[in-house]
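K.L.:
model this:
(one chain, ligands or ions: 1)
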Amino acid sequence: MKGLFPLEKFRTVKTPFYYYDTALLRKTLEAIKAELKKNDNYHLHYAVKANANPKVLRLISAAGFGADCVSGGEIKAALEAGFPASKIVFAGVGKSDWEINLALDADIFCFNVESIPELEIIDQLAGEKGKTARVSFRINPDVGAHTHANITTGLAENKFGIAMADMEKVIEIAATLEHVKFTGLHFHIGSQILEMGDFVALCNRVNELQAQLERHHIKVENINVGGGLGIDYQHPNEVPVPNFADYFQTYRKHLNLRPGQQLHFELGRAVVGQCGSLITRVLYVKQATYKQFAIVDAGMTDLIRPALYQAFHYIENLSSEETKETYDVVGPICESSDVFVKAFDLNRCHRGDFLALRSAGAYGEIMASSYNCRELPKGYVTEDFAG
Ligand code: LLP
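P.N.:
All right, here's what the predicted structure looks like:
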């Protein structure tokens, strides 16, 4: 089974490029909306870091979701794409003064604060503007996740968040500051998580912390559990939409929300991952001593995930139905790590064939670089090839 692509239209543009299937993106957004409808206190802030292509962002903002940003640049991109400031949350361990000022001027929903020094600077900058900043504290729950070490974030050894043990002290400090208002707690344990048990562990930690804070009569309006739901990289055609029902049900079942409390999510990958493919052409088929290489015009500069996280992206030859052969699919960059996949079966490849590297909608285009003085790949949506 292969995905559906407007192959003839692909000939009219330069490769490599990203292609976003907007019908699938819409279907994914609808699936999330249907789940969120079941609880009017559940809110999604799409994690802009996963994909900030303006056309993709517009579709997500039009669906009514908020945005989770980690830089001033992302806040600007979110505002330009129509996300209301009142639904923007701003996280990050190292927020610069200009970024804090930008967020204060825009009057965003909330800063997710990661340290006491950061809290003090937000208080000072808000004071200079005569404003009060709404803040949540990012707690490091010390919960592991069954995912790649580079994308776990909720362990004590990670740089993120404030230790649970320091929480009360931090809330007490916030109460003494005039220009910040404590409104909630923020968590995020990692990315590409497929075991619901990891989220259950997070829920248990949040429940413990809430009980502890209640003993000190501290009220929490908002709980933000971050993102992290994974996608099926092995089967992009069979599982194009992640299992949102299971994911949200896990929180419904295991998180003890207090009356009136709002629950916020920051999904990124699960929203955009499956709708995007990196489209590349075969430059050469090279027979080497022990193997054959399909050398393509996309490289690790266009999609760095395999080189950086040993990530797997399913590949399809869109131009060939011939018998499958085994290839190492590699790029043109002068680095041995510029390999997309080793020993992978593809319909027999020829120069000029179009290959689709699937499940590349999240952390693909946005992580591209111009190393080797390469042009950044462009991103097209279905509508760009219509007519
Ligand atoms: N919230 C926070 C605080 C985060 O740090 C992240 C991702 C998210 C939400 C969204 O997580 P998601 O739902 O997408 O899993 N470049 C890596 C992934 C890095 C994720 C960083 N933080 C990759 O290509 O796998």
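
K.L.:
quick one: pLDDT of G154?
P.N.:
Listed pLDDT for G154 reads 56.

K.L.:
Poorly predicted segments of this structure, please.
P.N.:
144-160 (pLDDT under 70).

K.L.:
Which residue ranges of it form helices?
P.N.:
Applying DSSP state H to the chain gives helices spanning 7-10, 22-36, 54-62, 72-80, 97-106, 116-128, 167-176, 196-215, 244-254, 269-272, 305-309.

K.L.:
So for the fifth one, what gets flagged as buried?
P.N.:
Taking 16 or more other C-beta atoms under 10 Å as the basis for neighbour counts, the residues of helix 97-106 that come out buried are 99-100, 102-104, 106. Every residue, glycine included, has its C-beta placed from N, CA and C.

K.L.:
cool, and the second one?
P.N.:
Residues of helix 22-36 classed as buried: 24-25, 28-29, 31-32, 35-36 (neighbour count, 16+ other C-beta under 10 Å).

K.L.:
Adding distance to I139, write the helices of the chain out as CSV.
P.N.:
Formatted as CSV, the helices of the chain follow (distance: least, C-beta to C-beta, whole Å):
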stretch, distance to I139
helix 7-10, 46
helix 22-36, 24
helix 54-62, 27
helix 72-80, 22
helix 97-106, 20
helix 116-128, 13
helix 167-176, 6
helix 196-215, 7
helix 244-254, 16
helix 269-272, 22
helix 305-309, 25
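
K.L.:
Tell me which of those helices lies nearest to the ligand.
P.N.:
helix 269-272 (3.6 Å; C-beta to the nearest ligand atom).

K.L.:
Run the chain-centre distance for the closest one.
P.N.:
Mean-position distance between helix 269-272 and its chain equals 6 Å (C-alpha atoms, centre = their mean, to the nearest Å).

K.L.:
For that helix, name the packing helices and strands.
P.N.:
Helix 269-272 sits against helix 22-36, strand 42-47, helix 54-62, with contacts defined as 3 or more C-beta pairs under 8 Å, 6 or more residues apart in numbering; DSSP states H and E.

K.L.:
and the longest one, does that touch the ligand?
P.N.:
No. Using C-beta under 6 Å from any ligand atom, no contact is recorded between helix 22-36 and the ligand, whose separation bottoms out at 11.8 Å.

K.L.:
residues in contact with that helix?
P.N.:
With contact meaning C-beta atoms under 8 Å, 6 or more residues apart in numbering, helix 22-36 is reached by 42-44, 55-56, 59-60, 63-65, 240-242, 244-245, 247-248, 267, 270-272, 274-275, 361, 381-383.

K.L.:
List only those of those residues flagged as buried.
P.N.:
For these, a burial check counting by 16+ other C-beta under 10 Å picks out 42-44, 55-56, 59-60, 63, 65, 240-242, 244, 247-248, 267, 270-272, 274-275, 361, 381-382.

K.L.:
Spell out which parts of the stretch 151-300 of the chain neighbour the ligand.
P.N.:
151, 153, 188, 191-192, 226-229, 266-270.

K.L.:
Redo the residues you listed as a markdown table? Include distance to V341.
P.N.:
Converted to a markdown table, these look like this (distance: C-beta to C-beta, whole Å):
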| residue | distance to V341 |
| --- | --- |
| I151 | 19 |
| T153 | 27 |
| H188 | 29 |
| S191 | 21 |
| Q192 | 17 |
| G226 | 30 |
| G227 | 26 |
| G228 | 25 |
| L229 | 24 |
| E266 | 30 |
| L267 | 26 |
| G268 | 23 |
| R269 | 19 |
| A270 | 23 |
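
K.L.:
what's the farthest-apart pair in the residues you listed?
P.N.:
T153 and A270 (16.1 Å; C-beta to C-beta).

K.L.:
what about the residue lying closest to E383 once chain neighbours are set aside, distance to P6?
P.N.:
Sequence neighbours aside, T22 is the residue nearest to E383 in space, at 6.4 Å (criterion: C-beta to C-beta, 6 or more residues apart in numbering). Applying C-beta to C-beta, to the nearest Å, the value for T22 to P6 is 12 Å.

K.L.:
do the same with K286
P.N.:
On the measure of C-beta to C-beta, K286 and P6 end up 29 Å apart.

K.L.:
Neighbours of the closest residue to the ligand within the stretch 101-250 of the chain, how many?
P.N.:
For the stretch 101-250 of the chain, the residue closest to the ligand is G227, as judged by C-beta to the nearest ligand atom, at 2.5 Å. Look at G227: counted by other C-beta atoms under 10 Å, it has 24 neighbours.

K.L.:
cool, and T176?
P.N.:
Neighbours around T176, by other C-beta under 10 Å: 8.

K.L.:
Likewise for L209?
P.N.:
19.

K.L.:
you'd agree it is up against M167?
P.N.:
Yes. Applying C-beta atoms under 8 Å, one finds L209 in contact with M167, separated by 6.6 Å.

K.L.:
what is in contact with the two at once?
P.N.:
Residues touching both L209 and M167 (C-beta under 8 Å, 6+ apart): I139.

K.L.:
Send me the longest strand anywhere in the chain as PDB with only the CA atoms.
P.N.:
For the chain, the longest strand by residue count, based on DSSP state E, is strand 276-287. Output of strand 276-287 as PDB, limited to C-alpha atoms (Å, rounded to 0.1, in the frame of the first residue of the first chain):
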ATOM      1  CA  GLY A 276       4.000  15.600   5.900                       C
ATOM      2  CA  SER A 277       6.400  13.800   3.600                       C
ATOM      3  CA  LEU A 278       9.800  14.800   2.400                       C
ATOM      4  CA  ILE A 279       9.800  14.400  -1.400                       C
ATOM      5  CA  THR A 280      13.200  13.700  -3.000                       C
ATOM      6  CA  ARG A 281      14.400  12.300  -6.300                       C
ATOM      7  CA  VAL A 282      17.000   9.600  -6.900                       C
ATOM      8  CA  LEU A 283      20.200  11.000  -8.300                       C
ATOM      9  CA  TYR A 284      22.200   7.900  -8.700                       C
ATOM     10  CA  VAL A 285      21.900   4.200  -8.000                       C
ATOM     11  CA  LYS A 286      25.300   3.100  -7.000                       C
ATOM     12  CA  GLN A 287      26.400  -0.500  -6.700                       C
END
